[in-house]
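In: A predicted structure for the sequence below; I have some questions about it.
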Amino acid sequence: MTMALSILVTIEMCNAVNSLSENQSLVLMPPWINPILIAAMALSFSLHFMILYVDFFAVSSVSRVFTTPSKYLICFQTVFQVTPLSFAQWITVMKFSLPVILLDELLKFVARNYADGKETGRWHELIAVLVAMAAYLYAWYQHELSIHPHLANAMPGGGAPGGVPRS
């Protein structure tokens, strides 16, 4: 449940960055032109990190009992029921969340160049987005091979490009 929540938070922050412009690329309209958005994203991530890493909010306590002079007070038996994420889990969160930016850049390209019924012939933008998507998928593939080395041995040619076995 913690990974799903973190992926949702990260995807929504990526969508906020994508919403800077309906048709312009993030290359032409970088996120720092809207400092209020950057501050809101920092606040959102700070609150999310607080939920994950501050024990008072993160841990589901079974019976934390605080005594007062008059009575017992049970505080936050179950607040959020999340656990802190490791670095490897954050890498997985990013692997699932960051393609939102690439896909939206592709949709913006199509909207800019083909939605009006006119073709402007800006193929270099499309090629740049497709190369970025291919590089992202290749990096994902290499990361998965480093996590699960048995996958490389199960593939023809040892999982190496060109069918050459890995040494």
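Out: That came in fine, so what should we check first? In this text the structure is predicted, and so the values were computed from the model without any measurement.

In: who are the packing partners of the helix ranked longest in the chain?
Out: As assigned by DSSP state H, the longest helix anywhere in the chain is helix 123-147. Using 3 or more C-beta pairs under 8 Å, 6 or more residues apart in numbering; DSSP states H and E, the elements in contact with helix 123-147 are helix 87-97, helix 99-113, helix 150-154. All C-beta atoms are positioned from the backbone trio N, CA, C, and that covers glycine.

In: tell me the most buried of the ones you listed?
Out: Mean neighbour count (mean count of other C-beta atoms under 10 Å) peaks for helix 99-113 among these, with a mean of 16.

In: residue 83 in helix, strand or coil?
Out: coil (DSSP: H, G, I helix; E, B strand; the rest coil).

In: any idea how far residue 123 is from the closest residue to residue 122 other than its chain neighbours?
Out: In this structure, residue 122 finds its nearest non-sequential neighbour in residue 113, 5.9 Å apart by C-beta to C-beta, 6 or more residues apart in numbering. Separation of residue 113 from residue 123 (C-beta to C-beta, to the nearest Å) stands at 9 Å.

In: check contacts around residue 133.
Out: Shown in contact with residue 133 (C-beta atoms under 8 Å, 6 or more residues apart in numbering): 99, 102, 106.

In: make CSV from those residues and add pLDDT and distance to residue 51 to it.
Out: What follows is the contacts of residue 133, written out as CSV (pLDDT from 0 to 100; distance: C-beta to C-beta, whole Å):
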residue, pLDDT, distance to residue 51
99, 90, 25
102, 86, 28
106, 84, 33
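
In: distance to residue 27 added to the helices and strands packed on helix 123-147, as a markdown table?
Out: Listed next are the helices and strands packed on helix 123-147 as a markdown table, based on distance: least, C-beta to C-beta, whole Å:
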| stretch | distance to residue 27 |
| --- | --- |
| helix 87-97 | 20 |
| helix 99-113 | 9 |
| helix 150-154 | 34 |
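
In: now do the buried residues in the host helix or strand of residue 38.
Out: Assigned by DSSP states H and E, residue 38 belongs to helix 35-53. If you call a residue buried by 16 or more other C-beta atoms under 10 Å, then helix 35-53 has these buried ones: 37, 41, 48, 51, 52.

In: what about the longest helix of the chain, distance to the chain center?
Out: 15 Å (C-alpha atoms, centre = their mean, to the nearest Å).

In: likewise for stretch 91-100?
Out: 3 Å.

In: cool, and stretch 25-34?
Out: 18 Å.

In: check what contacts it and list those residues.
Out: By C-beta under 8 Å, 6+ apart, stretch 25-34 touches 17, 18, 20, 21, 37, 38, 101, 105, 108, 109, 125.

In: I am finished for the moment; much appreciated.
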